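>>> Requesting a structural model of the entry that follows:
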Amino acid sequence: MIFTNDTEDALRSAVWLVNTAEAPDTLTDAADEAEFLEEFPFTGRVDRDAVELDALRRIRSQLRAMLIAPRDEMATAVNEALASVTLTPRLTRHGDMDWHLHAVADDRPLSERVLIETAMALVDVIRTDEGSRISVCDDDSCEALALDLSRNRSKRYCSTTCANRNAVAAYRARRAS
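Sure thing, here's the model as predicted:
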């Protein structure tokens, strides 16, 4: 494990959310939000309404900019995100998660909590200088983000689909030579 579980979870959820903005948009209705919440079960307030869905959709570009920014710009973006809300940090544990930090109150909007959880995770990324673990997919036709949490830094693609497409293309290119 490179980061703590809560940091890895926050990074995974942010990348998942950002990647829903890639064509075709896959965060368009309540069912899509339900899928996000099933994959990443945030504690606290969850309204499951159009206002919440729109707010989640709106933060995707901000999250993307934060996640792929160079280190100094990432720090600036994190500081701006943290300054944009009222922070109420506290240690908490719930479910299978041991003690970890929640930076905003559980009654705050989900989009705000996602943004701040991502910012807090990026604090660890910045402090360990591990920003290279978040990149744009190596597939030339894809702009989704890839999160590499492997020990050997081998993940280059956002999904198995992109990895397989490139493996097949490489195989065909070798066969044609």
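>>> outside of the helix or strand of the chain with the lowest mean pLDDT, which residues touch it?
Of all helical and strand segments in the chain, the minimum by mean pLDDT, DSSP states H and E falls on helix 160-176, at a mean of 85. Defining contact as Cβ atoms under 8 Å, 6 or more residues apart in numbering, one finds that helix 160-176 is touched by 137-139, 142, 144, 156-157. Placement of C-beta: from N, CA and C, glycine included.
>>> try it again with 6 Å
Helix 160-176 is contacted from outside by 137, 139, 142, 157, using Cβ atoms under 6 Å, 6 or more residues apart in numbering.
>>> Format those as a markdown table; extra columns: distance to residue 54.
Putting the contacts of helix 160-176 into a markdown table (distance: Cβ to Cβ, whole Å) gives the following:
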| residue | distance to residue 54 |
| --- | --- |
| 137 | 26 |
| 139 | 29 |
| 142 | 26 |
| 157 | 30 |
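>>> now for those residues, which pair is the farthest apart?
Comparing every pair within the contacts of helix 160-176 by Cβ to Cβ identifies 142 and 157 as the most remote, at 7.7 Å.
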